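Asker: I would like the atomic coordinates for the input below:
(4 chains)
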There are 2 protein chains.
Amino acid sequence: MTSILNVPAANQLLVELPEVERNAFMAACDTVELSFGEVLLQPTETFTHVYFPIDSFISLIVVIDTEKQLEVAMAGREGMLGSSLVLGIDEAPLLALVQGAGSALRIDAGAFQQLLLSTPVLHQRLKRYIYVVMKQLATSAACNHFHRIEERLARWLLMTQDRAGTDQLNLTHEFLAMMLGVRRAGITLAAIAMQTRGLIRYQRGTITVLDRLGLIEASCECYSDDCALYAKMLPVL
Amino acid sequence: MTSILNVPAANQLLVELPEVERNAFMAACDTVELSFGEVLLQPTETFTHVYFPIDSFISLIVVIDTEKQLEVAMAGREGMLGSSLVLGIDEAPLLALVQGAGSALRIDAGAFQQLLLSTPVLHQRLKRYIYVVMKQLATSAACNHFHRIEERLARWLLMTQDRAGTDQLNLTHEFLAMMLGVRRAGITLAAIAMQTRGLIRYQRGTITVLDRLGLIEASCECYSDDCALYAKMLPVL
DNA sequence: AAGCGTCGGCACGCTAGCGTACATAACGCT
DNA sequence: AGCGTTATGTACGCTAGCGTGCCGACGCTT
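Answerer: The predicted structure follows:
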């Protein structure tokens, strides 16, 4: 298992739905473009829409205070933003920040909840997705606590690469520092080490993944655990 | 807000249910005694039962390897073990360890899933509970990353006291070290500091909370955030 | 071509917490 | 009373990462 994602350019929670469900969904949704840095939701804000990224992806971030924040989950085309609504809660638990620009399917929150009533297959799949997210949140808690910056950075780059679908990532050290909840200088050191080993190359805001397998080896097992979890719980059908 | 829990000696997810739902539930469940140290479930094991603690409580633990483990959630009489089944998943995401001996209501996993079909109020309440747990998992991730041992220990003691319902806790430094994912010696130092300040007293496996308010002040805001979240999402009705 | 803002390299002293190891102290048995 | 077991105190050197600040380099703008 080297990636969460299989290739199709569609949201993977929506592929291979029964015809009826697919049509019902498509009738209710529209396509929107998300741009980098856009904040889709602040914590405790009310959901107006649910998003199913196609080639965009979204970071879910815990904000403790202005200085302290930490990404705890990502939603790309393997996932969604707004899973709380599946539980009947219309409040956002986390800060949702667009981390990779691109398109997403969007559906009105109310319409989405209505829709779920008549789409059992989708509904069940989204419940599985919630389970996956919960398990990943738990793993992240341990990962952030036990693993070192370099391992975590490697994992993060891999996860991002999977969702971005390219080996060129537009990221500054500053940004990575916020995601991992560490100093900018800490990222610089880790990045230098990884560049020296030939795993990545970077320059002024661009990181290129050179050696994916090497990166996987440099990352903590949390990455492959995540992939395995996806594969098991949400196989691309 | 000084505690998650209001007083009644019953599981709070089950109080004030409609008569019909309550009866249906009670008909399907029985009462069991849980003893300290009992492992109710290993990760990826299949649920056979769901537990609603009455005066017992359960730690949910991420195990990375034998050396590295970390408690990420607790289930006492404010919660349950087996919420994944509400999502239709019969696999345990985490290690479940009985941390406080006592009784719990237990219900067969299959019967529980059947029951949910005819108990909409309960079902909705349990979905809210899942939301709360998710948000707490996310908070925990940040807390374990950013906050220092002493703050985390204070938080942990408060959470435990709420669920144990007594100010005498039977806990060794060793055990606390496992829960927080730190060295035993690290706990000893933090505990000494807290004892010196008159917040707690302890001796050979017993910790007594002397100054609850002082402890709250010594803890990170994560504690009161948790309490506030409960109060908001699962008010004792 | 010059200037400016952003990005990355680097260095300083500092702290929290680690791994380890050993000593003492309390308790529970027999 | 003596013994082993378990819990706690403490000390050592070590590491990762912190906060900060400064400098140089790149690249965009004008």
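Asker: So A:Cys220 versus B:Leu116, what's the distance?
Answerer: Going from A:Cys220 to B:Leu116 by C-beta to C-beta, to the nearest Å gives 37 Å. No exception for glycine: its C-beta is placed from N, CA and C like everyone else's.
Asker: quick one, which of these two is more surrounded?
Answerer: A:Cys220 (19 against 16; other C-beta atoms under 10 Å in any protein chain shown).
Asker: Surely the more buried one is in contact with A:Arg155?
Answerer: Yes - applying C-beta atoms under 8 Å, one finds A:Cys220 in contact with A:Arg155, separated by 5.9 Å.
Asker: Identify the contacts common to the two.
Answerer: A:143, A:147 (C-beta atoms under 8 Å, 6 or more residues apart in numbering or on different chains).
Asker: quick one, domains of chain A?
Answerer: Split into domains by automatic domain parsing, chain A comes to A:19-144, A:148-219.
Asker: Among these, which comes closest to DNA strand D?
Answerer: domain A:148-219 (3.5 Å; C-beta to the nearest atom of the strand).
Asker: what residue ranges in chain A score low on pLDDT?
Answerer: A:1-9, A:237 (pLDDT under 70).
Asker: How about the secondary structure of the residue positioned nearest the centre of chain A?
Answerer: Chain A has A:Met74 as the residue nearest its centroid, 2.1 Å off, counting by C-alpha atoms, centre = their mean. Classification of A:Met74 using DSSP: H, G, I helix; E, B strand; the rest coil returns strand.
Asker: Then A:Ile89?
Answerer: A:Ile89 ends up coil, using three-state DSSP.
Asker: Please name the nearest non-neighbouring residue to it.
Answerer: Excluding its sequence neighbours, the residue lying closest to A:Ile89 (C-beta to C-beta, 6 or more residues apart in numbering or on different chains) is B:Tyr131, at 4.6 Å.
Asker: Can you name the next helix or strand after the lengthiest helix in chain A?
Answerer: Looking across chain A with DSSP state H, the single longest helix is helix A:120-146. The first helix or strand that comes after helix A:120-146 along the chain, using DSSP states H and E, is helix A:149-164.
Asker: Tell me which other helices or strands the helix or strand following that next one touches.
Answerer: Downstream of helix A:149-164, the next assigned helix or strand under DSSP H and E is strand A:168-170. If you count contacts as 3 or more C-beta pairs under 8 Å, 6 or more residues apart in numbering or on different chains; DSSP states H and E, strand A:168-170 packs onto helix A:149-164, strand A:206-209.
Asker: Make JSON lines out of the domains of chain A and add distance to B:Leu215.
Answerer: Output for the domains of chain A, formatted as JSON lines (distance: least, C-beta to C-beta, whole Å):
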{"stretch": "domain A:19-144", "distance to B:Leu215": "20"}
{"stretch": "domain A:148-219", "distance to B:Leu215": "26"}
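Asker: quick one: which of those is nearest B:Thr196?
Answerer: Nearest to B:Thr196 among the domains of chain A is domain A:19-144; the distance by C-beta to C-beta comes to 27.5 Å.
Asker: List the buried residues of stretch A:177-184.
Answerer: A:177-182 (16 or more other C-beta atoms under 10 Å in any protein chain shown).
Asker: what does stretch A:103-120 give?
Answerer: A:104-109, A:111-113, A:115-116, A:119.
Asker: And stretch A:18-35, by the same measure?
Answerer: A:21-22, A:24-25, A:28-29, A:34.
Asker: What is the end-to-end distance of stretch A:23-33?
Answerer: 22 Å (C-alpha to C-alpha, to the nearest Å).
Asker: quick one: contacts of it?
Answerer: A:14, A:17, A:51-52, A:54, A:56, A:101-108, A:111-112, A:115, A:118-119, A:122.
Asker: Then stretch A:79-86?
Answerer: A:11, A:13, A:40-41, A:47, A:49-53, A:58, A:60, A:75, A:90-93, A:96, A:109, A:112-113, A:116, A:123, A:126-127, A:129-130, A:133, B:131, B:134.
Asker: Which residues are in contact with the residue nearest to the centre of chain A?
Answerer: Contacts of A:Met74 by C-beta under 8 Å, 6+ apart are A:57-60, A:99, A:159-160, A:163.
Asker: What is the neighbour count of the nearest residue to A:Leu169 once chain neighbours are set aside?
Answerer: Among residues not flanking A:Leu169 along the chain, A:Ile207 sits closest, at 4.8 Å (C-beta to C-beta, 6+ apart). Number of residues near A:Ile207 (other C-beta under 10 Å) recorded here: 24.
Asker: what's A:Ile207 in contact with, if anything?
Answerer: A:157, A:168-171, A:191, A:200-201.
Asker: Could you rerun that using 10 Å?
Answerer: A:153, A:157, A:160-161, A:167-173, A:176, A:191, A:194-195, A:200-201 (C-beta atoms under 10 Å, 6 or more residues apart in numbering or on different chains).
Asker: do A:Glu221 as well
Answerer: A:Glu221 neighbours (C-beta under 10 Å, 6+ apart): A:139, A:143, A:147, A:151, A:155, A:228, B:64-65.
Asker: List, one by one, the residues from chain A near DNA strand D.
Answerer: A:67, A:148-150, A:181-186, A:203-204 (C-beta under 7 Å from any atom of the strand).
Asker: What ranges does chain A have for its strands?
Answerer: A:29-34, A:39-41, A:49-53, A:57-63, A:69-75, A:95-100, A:102-108, A:168-170, A:200-203, A:206-209 (DSSP state E).
Asker: is it possible to export these to a markdown table including distance to A:Ser84?
Answerer: Listed next are those as a markdown table, based on distance: least, C-beta to C-beta, whole Å:
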| stretch | distance to A:Ser84 |
| --- | --- |
| strand A:29-34 | 18 |
| strand A:39-41 | 10 |
| strand A:49-53 | 9 |
| strand A:57-63 | 11 |
| strand A:69-75 | 12 |
| strand A:95-100 | 11 |
| strand A:102-108 | 14 |
| strand A:168-170 | 28 |
| strand A:200-203 | 35 |
| strand A:206-209 | 32 |
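Asker: Among those strands, single out whichever gets nearest to A:Lys232.
Answerer: strand A:69-75 (17.9 Å).
Asker: partners of that closest one, with directions?
Answerer: strand A:57-63 (antiparallel) (DSSP bridges).
Asker: Kindly format the C-alpha coordinates of the partner strand as CSV.
Answerer: C-alpha atoms of strand A:57-63 as CSV (Å, rounded to 0.1, in the frame of the first residue of the first chain):
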residue,chain,number,x,y,z
PHE,A,57,-8.1,19.5,-0.3
ILE,A,58,-8.8,20.9,3.1
SER,A,59,-6.9,21.0,6.3
LEU,A,60,-8.7,20.5,9.6
ILE,A,61,-7.0,22.4,12.3
VAL,A,62,-7.3,22.7,16.1
VAL,A,63,-6.7,26.2,17.2
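Asker: Next, the buried residues of that strand.
Answerer: Those buried within strand A:57-63 under the rule 16+ other C-beta under 10 Å are A:57-62.
Asker: wait, which of the residues you listed is closest to chain B?
Answerer: Of all the buried residues of strand A:57-63, A:Val62 has the smallest distance to chain B: 4.2 Å, by C-beta to the nearest C-beta.
Asker: From A:Ala92, how far out is that closest one?
Answerer: Distance from A:Val62 to A:Ala92, by C-beta to C-beta: 12 Å.
Asker: before we move on, the earlier item: farthest pair in the contacts of A:Met74?
Answerer: Every pair of these checked by C-beta to C-beta; the farthest is A:Leu60 and A:Thr160, at 13.5 Å.
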